[in-house]
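S.K.: coords please:
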Amino acid sequence: MDTGQNISIIESALRRDRVIVLLGLACIAALAWAYTVHEAWVMNNMDIETCMGLSARSWGLTDLFLLFLMWTVMMAAMMIPSVSPVVLLYARYVRTKGCGGGVISLTGLFALGYLASWTGFSLIAALAQWGLHEAALISPMMVSTSPVLGGAILVAAGVFQWTPLKHACLSQCRTPIGFLMTEWREGAGGACVMGLRHGTYCVGCCWLLMAVLFVTGVMNILWVALIAAFVLVEKLAPSGEWAARTAGVLLAGYGLWMIGQKLVS
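M.R.: Below is the predicted model of the structure:
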């Protein structure tokens, strides 16, 4: 077999891998968005008595589990679009390096490792929401009832956009080639670890943006979509870092305005 035939076979395999991986990611994202939209619809169409009942009683472990499930699926819906280029690049590296274990299975493990990071964040977010409910600081519609708390979250999210930690994590997300070259690990375990490490950078980059949902409404599907779109811009657009800093100014400014309004009222 000559060199030209070898190149043709590799290119054909790369195209097939790309289609399979894209279809897999699209299916997961579509299911996650369908669940998130459904939960938001249920929340918005809840009758007043059920709503007040949820607000008045203490939440148990079942409630905590449902919150955790909601956050986990919502994070998958929001983050899969922006991580798709990295997953595709990983699959291409596995194919061209000729790694054992299968391109699709290793790529699936990489994606699972990535989502595991966001699952850990979802547990913390669910616990935080549980605590806010017990402290009567969040409404049945999952919106902060305290302008000072809401303003403080926005200020913190805005300031974080300018910190070295944010810049370091965002740089890892914006330069996946550098990440793959420096963090490469062989085998199934390596794929999981790489996915987990990339997901950790991603959580480090976006966790306070997700906390903004406590101000806008955890199940406000418009803000869920807007924040997911903004994360996409931050990571992929040529001017993503400046978009991050600009958003930081806007978030901090609006947060200070909220706190000021409360203090003078």
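
S.K.: pull the distance from the longest helix anywhere in the chain to the chain's centre.
M.R.: Taking DSSP state H as the criterion, the chain has its longest helix at helix 3-44. Relative to the mean C-alpha coordinate of its chain, helix 3-44 is positioned 17 Å out (Cα atoms, centre = their mean, to the nearest Å).

S.K.: which strands and helices sit next to that helix?
M.R.: Packed against helix 3-44 by the contact rule (3 or more Cβ pairs under 8 Å, 6 or more residues apart in numbering; DSSP states H and E) you find helix 61-97, helix 103-134, helix 221-236. The C-beta positions use only the backbone N, C-alpha and C, and glycine is treated the same way.

S.K.: one more time with 6 Å
M.R.: helix 61-97, helix 103-134 (3 or more Cβ pairs under 6 Å, 6 or more residues apart in numbering; DSSP states H and E).

S.K.: mind listing what's buried in the longest one?
M.R.: Neighbour counts over helix 61-97 (16 or more other Cβ atoms under 10 Å) mark 63-64, 67-68, 70-84, 86-88, 90-95 as buried.

S.K.: just the last one next, same as before
M.R.: Using 16+ other Cβ under 10 Å as the test for burial, helix 103-134 gives 103, 106-111, 113-115, 117-119, 121-122, 125-126, 129-130, 132-133.

S.K.: count the residues that sit near Ser265.
M.R.: 6 (other Cβ atoms under 10 Å).

S.K.: what about it, distance to Met141?
M.R.: 22 Å (Cβ to Cβ, to the nearest Å).

S.K.: check Leu132 too.
M.R.: Where Met141 is concerned, Leu132 sits at a distance of 13 Å (Cβ to Cβ).

S.K.: now the spatially most central residue of the chain: closest residue in space, sequence neighbours ignored.
M.R.: The centroid of the chain falls nearest to Met79 when counting by Cα atoms, centre = their mean (3.8 Å). Leaving aside its chain neighbours, Met79 sits nearest to Trp118 (5.9 Å; criterion: Cβ to Cβ, 6 or more residues apart in numbering).

S.K.: which other residues reach stretch 257-265?
M.R.: Pro147, Val148, Gly150, Gly151 (Cβ atoms under 6 Å, 6 or more residues apart in numbering).

S.K.: and the angle from the worst-scoring helix or strand of the chain on mean pLDDT to helix 3-44?
M.R.: When the helices and strands of the chain are scored by mean pLDDT, DSSP states H and E, helix 48-56 comes last with a mean of 71. Per axes from the mean of the first three to the mean of the last three Cα atoms, to 10 degrees, the angle that helix 48-56 makes with helix 3-44 is 100 degrees.

S.K.: contacts for helix 48-56 next, please.
M.R.: Pro140.

S.K.: tell me which residues in it are buried?
M.R.: Leu54.

S.K.: tilt between that helix and helix 61-97?
M.R.: Using the same axes, to 10 degrees: helix 48-56 against helix 61-97 is 80 degrees.

S.K.: list the contacts for the nearest residue to Trp71 once chain neighbours are set aside?
M.R.: Take Trp71 and drop its neighbours on the chain: the residue closest to it by Cβ to Cβ, 6+ apart is Ser122, 3.7 Å away. By Cβ under 6 Å, 6+ apart, Ser122 lies in contact with Phe68, Trp71, Thr72, Met75.

S.K.: perfect, that will be all.
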